[in-house]
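S.K.: only geometry, no sequence info:
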């Protein structure tokens, strides 16, 4: 059973996997990048993954067989496990609980070569709907407090399988980063009586210098204080704290602008690895007035080193104004 | 002039280098590791670094010439610059200031092949004294609030030069991580009337399972909730918030145990890259009652990916109890 442990000073949580504990020689050096070979996420290999939790598939096709365009399965090597009780206990001055949670994989495509930036926006919209559906379903489990959706694209960004997929982890506690955003946006709201994200959208639309693209519903911009070069946020223009409440009509609009954003990043940075994370309300409290859901995309271009570990500061060698300009001006036309 | 910018939601600071701004194609893929060739930190090459700020050198030898065992020089490519005023201003809802600070390099040895774990503890003690001396000197500059000492060992841990060195960055604001530790340890003190680090030392000495080594003055242990596999902390046994107040007699004791710790890590993890950071009080307020200086060593064995970015949680596949056992039991005898 994995364990959730809290640092007694700063309150940071860590998941300690006790079952597949690694010994010193289990940590492969960074540059080992096995490629090719058998892929459990390819169409036809459905039986090699845990059974599907949900799938978007052609009428008449059977679960765990071909005919799907998107599958959600349990992670075969979960960081947290779904069965059991939290059993919160102390150990002297330390706090811990059982590593209860859900860890699912959203297989975004049956096609090994396709990525989010190359698939048609209609199918990308299905991925975004699958995020919603899984959050709604897992919200019914009273043990969970927060559901995090994220994607690791490319090995250097943490993907252990090349085939395009995102992940979901349901947590029994609200994570640090969500706390910080909820507290920060509440403080701003208490002072200004406005949502800080709505104010950011307004200011960025006026200033224009950090905007990458926008459509009727969403603004894509490089944030004012990005941790990473070419960090990009996708923010809905109308105020809403809760991703799962996004109107059905907006998923295609989100998929279109998300797809174009990834295309621009892929082109500007020649397909470098990236992570993206959905930031949305905890599932039991919606923080409606002051929070505002959004996606954050962080390309993997720099390293976390001693300065970042020791300070929580980030050194970013690319001003977001210049990154936004590159991303705006990159040509998406196919070269011949 | 680099810029310090604050994220308007979570208050995180970033340093935006505007001068050596990087374009998309300036980010080299991770596995490019140039080696060998000219090293500006080698003895004899003193003229190729910025002039020395201080040095430990043989009597009668001239600054910026051979004869030294340790040199401190300004970083040739500083993240922050030393000259100018902070000029704190707003930009709509955003906050920024000039990137004023000091960025120094502690060249730990004149010998390109030597590392902290292979040099004699007497010389390691000088490195630890140099940290103290530089913090004391820079504390006189009223623009600075915090001085961070850190080391990136190995390219994957962020070192751009192979030659053994540590770094110092003096900051005009107290960084996030220091804030979190100061707040957390104050909360514990307010509730318990005891220092949380002193309590950790006591509990770890009793439990023994996470202790790596100890001597009269210092305890080396794997923390209860480590972010990284084989993370190790070095904590002074007697309460003191301020590193620069360490008694002269203790530097050798610290060097001895620090050296053995690095030797054990090098042996167990076959010289994998690591970062270490000195955690000490801000320079204007000492937080004497509840804070407690210490070193944190974080080996570079896992990646920061979407889950960590999105949650602030860490997934650690090595329980600290097992890591401590490996480190205790590793043989430091030379193999023949």
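M.R.: Happy to help now that I have it. Quantities reported herein were computed from a predicted structural model and do not represent experimental measurements.

S.K.: strands of the stretch 101-250 of chain A, residue ranges please.
M.R.: All strands of the stretch 101-250 of chain A, identified by DSSP state E, counting those that start in this stretch, fall at A:102-107, A:146-153, A:165-171, A:211-214, A:218-221, A:232-236.

S.K.: so which of those strands gets nearest residue B:219?
M.R.: Nearest to residue B:219, of all these, is strand A:165-171, at 31.9 Å by C-beta to C-beta. Just so you know, the C-beta spots here come from the backbone N, C-alpha and C atoms, and that holds for glycine as well.

S.K.: any idea how far the closest one is from the chain center?
M.R.: Centroid separation between strand A:165-171 and its chain, computed with C-alpha atoms, centre = their mean, to the nearest Å, is 8 Å.

S.K.: can you check the pLDDT for residue A:31?
M.R.: What the model reports as pLDDT for residue A:31 is 46.

S.K.: revised request: answer the last question for residue A:305.
M.R.: For residue A:305, pLDDT reads 88.

S.K.: neighbours around the nearest residue to it once chain neighbours are set aside, how many?
M.R.: Closest residue to residue A:305 apart from its sequence neighbours, by C-beta to C-beta, 6 or more residues apart in numbering or on different chains: residue B:158 at 2.6 Å. Residue B:158 has 23 neighbours, counted by other C-beta atoms under 10 Å in any protein chain shown.

S.K.: can you say which of the strands of the stretch 101-250 of chain A is nearest to residue A:190?
M.R.: strand A:232-236 (21.1 Å).

S.K.: helices or strands up against that closest one?
M.R.: Judged by 3 or more C-beta pairs under 8 Å, 6 or more residues apart in numbering or on different chains; DSSP states H and E, the packing partners of strand A:232-236 are helix A:196-207, strand A:218-221, helix A:250-268, strand A:294-299.

S.K.: what comes up buried for the first one?
M.R.: In other words, helix A:196-207. A:196, A:197, A:198, A:199, A:200, A:201, A:203, A:204 (16 or more other C-beta atoms under 10 Å in any protein chain shown).

S.K.: over to stretch A:289-309?
M.R.: A:290-309.

S.K.: go ahead and measure how far stretch A:144-160 is from the middle of the chain.
M.R.: Distance, centroid of stretch A:144-160 to centroid of chain: 6 Å (C-alpha atoms, centre = their mean).

S.K.: what's the answer for stretch A:264-283, then?
M.R.: That offset, for stretch A:264-283, works out to 8 Å (C-alpha atoms, centre = their mean).

S.K.: who's residue A:213 bridged to?
M.R.: With DSSP bridges applied, residue A:213 shows beta-bridge pairing to residue A:220.

S.K.: list the contacts for the residue nearest to residue A:305?
M.R.: By C-beta atoms under 8 Å, 6 or more residues apart in numbering or on different chains, residue B:158 lies in contact with A:303, A:304, A:305, A:306, A:307, B:152, B:275.

S.K.: now swap in residue A:243 and tell me
M.R.: Taking C-beta under 8 Å, 6+ apart as the test, what residue A:243 contacts is A:131, A:132, A:135, A:278, A:280, A:281, A:293.

S.K.: right, and the last one touches residue A:278 too?
M.R.: Right, residue A:293. Yes - shown here, residue A:293 and residue A:278 form a contact pair, counting by C-beta atoms under 8 Å, at 7.2 Å.

S.K.: relative to residue B:121, how far out is residue A:200?
M.R.: Per C-beta to C-beta, to the nearest Å, residue A:200 is found 52 Å from residue B:121.

S.K.: next: residue A:65.
M.R.: From residue A:65 to residue B:121 the distance is 65 Å (C-beta to C-beta).

S.K.: ok, residue A:76 next?
M.R.: Following C-beta to C-beta, the distance that separates residue A:76 from residue B:121 is 47 Å.

S.K.: again with residue A:63
M.R.: 64 Å.

S.K.: what about the closest residue to chain B within the stretch 1-150 of chain A, how many neighbours?
M.R.: Going by C-beta to the nearest C-beta, chain B is nearest to residue A:150 of the stretch 1-150 of chain A, at 3.1 Å. For residue A:150, the count of nearby residues is 22 (other C-beta under 10 Å).

S.K.: between residue A:63 and residue B:121, tell me which one has more neighbours.
M.R.: In this view residue A:63 and residue B:121 are compared by other C-beta under 10 Å, and residue B:121 has more residues nearby, 19 against 14.

S.K.: that one contacts residue B:261, doesn't it?
M.R.: No - look at residue B:121 against residue B:261 with C-beta under 8 Å: they stay out of range, at 11.6 Å.

S.K.: which ones among the contacts of residue B:158 lie within helices?
M.R.: A:306, A:307 (DSSP state H).

S.K.: pLDDT score for the residue nearest to residue A:194 when sequence neighbours are not counted?
M.R.: Counting by C-beta to C-beta, 6+ apart, residue A:188 is the residue found nearest to residue A:194 once chain neighbours are left out, at 7.5 Å. At residue A:188, the model reports a pLDDT of 97.

S.K.: enumerate every residue touching residue A:188.
M.R.: Residue A:188 neighbours (C-beta under 8 Å, 6+ apart): A:194, A:195, A:196, A:199, A:290, B:8, B:9.

S.K.: pLDDT weak spots in the stretch 201-336 of chain A?
M.R.: A:335-336 (pLDDT under 70).

S.K.: what's near enough to touch the nearest residue to residue A:9 once chain neighbours are set aside?
M.R.: Ranked by C-beta to C-beta, 6+ apart and with sequence neighbours excluded, the top spatial neighbour of residue A:9 is residue B:184, at 4.2 Å. Residues near residue B:184 by C-beta under 8 Å, 6+ apart: A:8, A:9, A:10, A:11, B:196.

S.K.: quick check: the first one touching residue B:196?
M.R.: Yes - under the criterion of C-beta under 8 Å, residue A:8 makes contact with residue B:196 at 5.9 Å.

S.K.: so what sits against both of these two?
M.R.: Contacts common to residue A:8 and residue B:196, judged by C-beta under 8 Å, 6+ apart, are A:93, B:184, B:188.

S.K.: quick check: residues of the stretch 51-200 of chain A near chain B?
M.R.: A:79, A:91-94, A:146, A:148-152, A:156-159, A:167, A:169, A:171, A:175-178, A:180-181, A:184-185, A:188, A:196-197, A:199-200 (C-beta under 8 Å from any C-beta of the partner chain).
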